[in-house]
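**Q** Sequence and predicted structure are below.
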Amino acid sequence: MEIFNTIANGLRDWLMGSLGFSATATEIITTAVWTLVAILFVMINLIILVWMERKLAAYFQLRRGPNRLGPAGFLQFPVDIVKVLGKEDIIPANADRFIFKIASTCAFITSLTAFAVIPFSEGVALLQNLNIGIFYFIAVGSTATLSLLMGGWSSNNKYSLLGGMRTVAQMISYEIPMVFSLLGVVMIAGSLNLTDIVNAQKNTWFVIPQLIAFIVFFIAATAELNRGPFDLAEGEQELVAGYMTEYSGIRWAIYMIAEYGNLVASSAIISIMFLGGWNAPFGLTFIPPFLWLMLKIYLVIFVFMWIRWTLPRIRIDHLMHFGWKFLIPVSLANILVTGIGVYVYRMITL
Amino acid sequence: MDVIKPHEYDELLRNNVILSTVDAAFNWCRSRSIWPLTFGLACCAIEMMAAGDARYDIARFGSEVYKPSPRQCDLMIIAGTITKKMQPLVARLYEQMAEPKYVLAMGSCAISGGPFTDSYNVVKGADTFLPVDVYVPGCPPRPEALLYGFLQIRQKIANPKKIEGLRKHG
């Protein structure tokens, strides 16, 4: 997307040239503008995603879904948000007030910082060409666990605490196969930079040589996002609503925003690492690269929602067994096979 | 400076245009997004679940978001018989809900104790201890009746002044 870079450079020139800011001040202002754009991006996606989730859930269950407000019920979510803004803000009497207040915001911040490295097209990212891009994403993504535990623990409610603990157990268990499955891609591409990884997929998307890694990553990402069938952290039957049981009004809404933000970020990473990023398949280059990436992201999100509304929730011990006894060995074997493959390929070609 | 007499408060508040407009917008949004509590007491709850499923689909009005935690709900549907043992728990759930909150009494039992009203162990209606907004009669009421009750509660939320007027004369 040339236009983004043109706007960014224009802004930089205008700040430094016409207004006479120093280089540091200019950098700070451009970063702030980028952050604002990222927040807007998350919000716009949130409105579309919540609508999509409710409509898809309805269609999967042979229902109609929201259809009274706006075209096909599209305005239902904005109305919900206004209502949530007007709800009472309850802080439990024995809660750890400070941590209770900042926990949901922390969750939102971690989901937002993940967007810093995601390149939406050649060179369009907040931290362009960060040479440890995927490492940064994983590192930031794993801190999300902390904010959920903060919310669960500070509420001083047994269901919240259990939900928070479960989230931590689940996320840490599934973090490992997730990282291992990404290593195969990194070994083939020979880089941790997301732009380089996308450029290495010009001819073949990594979903083909790394099919097992793709499947492992997809499952681990579902668990990481707390989405069904792995949404044990908020299993209504056992733990009222998990770590967000005591949250009401806008604090709860921020948790939801963070959850959908994580969904977009993880889908973007799947599209970039395995589905060729902004590369156009079958030479369909008349669609701009940015739109291609968005199409792929939304395809991945559709599959996430499809799985969520089709499969029943699994049990916590099954979840742990599946993570530790199946996904980790499979992803380790994948690294071994990929390593041998890369070595053999180098021996043949060099 | 003139002293504002108590009977003039109402008029002053009524003339405060901006406040009332925001209130109207909030009320409109509240009336269009009623999230019920996942909570049922007896057989009426089965009809309540049917109202959420394919044939009746309460989601059309944006109310399929049955929240498990009372903190995030707007509406409490009392679906079923309230026994004396359950009454404190129902009251507690109501107290845990965040304002603004509404109560819908569904079925004869929740309205007056229904067929069990003479029992030693049944509370004679939810309105003996909760401020009920809408009554949906039936034993149990059909899902259509519950949907009609939803639309009534929506009207009630969207037009608070009208309801006040009714209360004055009713």
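**A** Cool, got the structure.
**Q** buried set for stretch A:135-143?
**A** A:Phe135, A:Tyr136, A:Phe137, A:Ile138, A:Val140, A:Gly141, A:Ser142 (16 or more other CB atoms under 10 Å in any protein chain shown). Any C-beta I mention is one placed from the backbone N, CA and C, and that applies to glycine too.
**Q** who touches that stretch?
**A** Residues outside stretch A:135-143 that contact it (CB atoms under 8 Å, 6 or more residues apart in numbering or on different chains): A:110, A:113-114, A:116-118, A:127, A:130, A:171-172, A:175, A:178-179, A:182, A:192, A:194, A:224, A:262, A:265-266, A:269.
**Q** Please list only the buried members of those.
**A** A residue is treated as buried here by neighbour count (16+ other CB under 10 Å); on that basis the buried members of the contacts of stretch A:135-143 are A:110, A:113-114, A:116-118, A:130, A:171, A:175, A:178-179, A:182, A:192, A:194, A:224, A:262, A:265-266, A:269.
**Q** Determine the set of other helices and strands touching the one helix or strand B:Met49 maps to.
**A** With secondary structure defined by DSSP states H and E, B:Met49 is part of helix B:44-52. Using 3 or more CB pairs under 8 Å, 6 or more residues apart in numbering or on different chains; DSSP states H and E as the contact criterion, the elements in contact with helix B:44-52 are strand B:75-79, strand B:102-106, helix B:107-112, helix B:143-158.
**Q** Rebuild the ones you listed as TSV, extending it with distance to A:Leu15, mean pLDDT and mean neighbour count.
**A** Formatted as TSV, the helices and strands packed on helix B:44-52 follow (distance: least, CB to CB, whole Å; pLDDT from 0 to 100; neighbours: other CB atoms under 10 Å in any protein chain shown):
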stretch	distance to A:Leu15	mean pLDDT	mean neighbour count
strand B:75-79	51	90	26
strand B:102-106	52	90	25
helix B:107-112	64	89	25
helix B:143-158	48	89	18
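**Q** OK, contacts around residue 87?
**A** The chain I'm using is chain A. Residues in contact with A:Lys87, defined by CB under 8 Å, 6+ apart, are A:Ser248, A:Gly249, A:Ile250, B:Asp74, B:Ala98, B:Glu99, B:Pro100.
**Q** hmm, I had chain B in mind actually
**A** Under the criterion of CB under 8 Å, 6+ apart, the neighbours of B:Gln87 are B:Val123, B:Phe129.
**Q** Up against chain B, what does the stretch 1-150 of chain A have?
**A** Where the stretch 1-150 of chain A comes near chain B, counting by CB under 8 Å from any CB of the partner chain, the residues are A:54, A:58, A:61-69, A:73, A:76, A:79-80, A:82-83, A:86-90.
**Q** Narrow those residues to those in helices?
**A** A:Arg54, A:Ala58, A:Gln76, A:Val79, A:Asp80, A:Val82, A:Lys83 (DSSP state H).
**Q** measure the residue nearest the centre of chain B to B:Thr81 for me?
**A** Residue closest to the average C-alpha location in chain B (CA atoms, centre = their mean): B:Val103, at 2.6 Å. Here the criterion is CB to CB, to the nearest Å. By it, B:Val103 lies 16 Å from B:Thr81.
**Q** Contact partners for the closest residue to A:Ala72 other than its chain neighbours?
**A** Nearest-residue entry for A:Ala72: A:Lys55, 6.9 Å, with adjacent residues in sequence omitted and distances by CB to CB, 6 or more residues apart in numbering or on different chains. Listed by CB under 8 Å, 6+ apart, the contact set of A:Lys55 reads A:Gly65, A:Pro66, A:Ala72, A:Gly73.
**Q** same thing with A:Ser111?
**A** Residues counted as contacts of A:Ser111 (CB under 8 Å, 6+ apart) are A:Val42, A:Ala144, A:Ile257, A:Ala258, A:Glu259, A:Gly261, A:Asn262, A:Ala265.
**Q** Please apply the same query to A:Ala200.
**A** Contact analysis of A:Ala200 by CB under 8 Å, 6+ apart lists A:Ile188, A:Ala189, A:Gly190, A:Ser191, A:Phe206.
**Q** Kindly recompute the last result at 6 Å.
**A** Taking CB atoms under 6 Å, 6 or more residues apart in numbering or on different chains as the criterion, A:Ala200 is in contact with A:Ala189.
**Q** Helices of chain B, residue ranges please.
**A** Along chain B, counting by DSSP H, helices occupy B:9-15, B:17-32, B:44-52, B:87-96, B:107-112, B:143-158, B:160-169.
**Q** Out of those helices, the one nearest A:Thr26 is which?
**A** Taking CB to CB as the measure, those were each checked against A:Thr26, and helix B:17-32 came out nearest at 39.4 Å.
**Q** Pull the residues that contact the closest one.
**A** Under the criterion CB under 6 Å, 6+ apart, external residues in contact with helix B:17-32 comprise A:Leu69, A:Val79, A:Val82, A:Lys83, A:Gly86, B:Arg154, B:Ile157, B:Ala158.
**Q** just to revisit the earlier point, B:Val134 is in contact with the residue nearest to the centre of chain B, correct?
**A** No. The pair formed by B:Val103 and B:Val134 falls short of the contact definition of CB atoms under 6 Å, at 8.1 Å.
**Q** what's the overlap in contacts for these two?
**A** Any residue near both B:Val103 and B:Val134 by CB under 6 Å, 6+ apart counts here, and not one turns up.
**Q** For B:Lys161, give its distance to B:Ala79.
**A** Counting by CB to CB, the gap from B:Lys161 to B:Ala79 is 30 Å.
**Q** Next: A:Val216.
**A** Distance from A:Val216 to B:Ala79, counting by CB to CB: 44 Å.
**Q** Between the contacts of A:Lys87, which sits nearest B:Thr117?
**A** Closest to B:Thr117 out of the contacts of A:Lys87 is B:Asp74 (29.1 Å), distances taken as CB to CB.
**Q** pretty sure the closest one contacts B:Trp35?
**A** Yes. Contact criterion CB under 6 Å: B:Asp74 and B:Trp35 qualify, at 5.1 Å.
**Q** for chain A, what are the nearby residues on chain B?
**A** Residues of chain B found near chain A (CB under 6 Å from any CB of the partner chain) are B:26, B:29-30, B:32-33, B:54, B:57, B:59-62, B:68-69, B:71-72, B:98-99.
**Q** repeat that with 8 Å
**A** Neighbours of chain A within chain B, by CB under 8 Å from any CB: B:25-26, B:29-30, B:32-33, B:38, B:53-54, B:57, B:59-62, B:64-65, B:67-69, B:71-72, B:74, B:98-100.
**Q** low-scoring stretches of chain B, by residue?
**A** Within chain B, the stretches falling below the threshold (pLDDT under 70) are B:1-20, B:164-170.
**Q** try 80
**A** Along chain B, the parts satisfying pLDDT under 80 run over B:1-23, B:160-170.
**Q** Quick one: the helices in chain A, in order.
**A** Remark: helices of chain A, listed N- to C-terminal, are A:2-13, A:23-60, A:76-85, A:97-113, A:133-154, A:158-189, A:194-199, A:211-224, A:249-273, A:289-308, A:316-321, A:328-349; assignment by DSSP H.
**Q** orientation of the last one relative to helix A:158-189 in degrees?
**A** The reference is to helix A:328-349. Taking axes from the mean of the first three to the mean of the last three CA atoms, to 10 degrees, helix A:328-349 and helix A:158-189 form an angle of 10 degrees between their directions.
**Q** now swap in the second one and tell me
**A** For the pair helix A:23-60 and helix A:158-189, the angle between their directions (the same axes, to 10 degrees) equals 110 degrees.
**Q** now swap in the fourth one and tell me
**A** With the same axes, to 10 degrees applied, the angle from helix A:97-113 to helix A:158-189 works out at 20 degrees.
**Q** now the angle between helix A:133-154 and helix A:97-113, please.
**A** Going by the same axes, to 10 degrees, helix A:97-113 makes 160 degrees with helix A:133-154.
**Q** List the buried residues of helix A:97-113.
**A** Under the neighbour-count criterion of 16+ other CB under 10 Å, helix A:97-113 has A:Phe100, A:Ile102, A:Ala103, A:Ser104, A:Cys106, A:Ala107, A:Phe108, A:Ile109, A:Thr110, A:Ser111, A:Leu112, A:Thr113 buried.
**Q** If anything else comes up later, I'll come back, but that's it for now.
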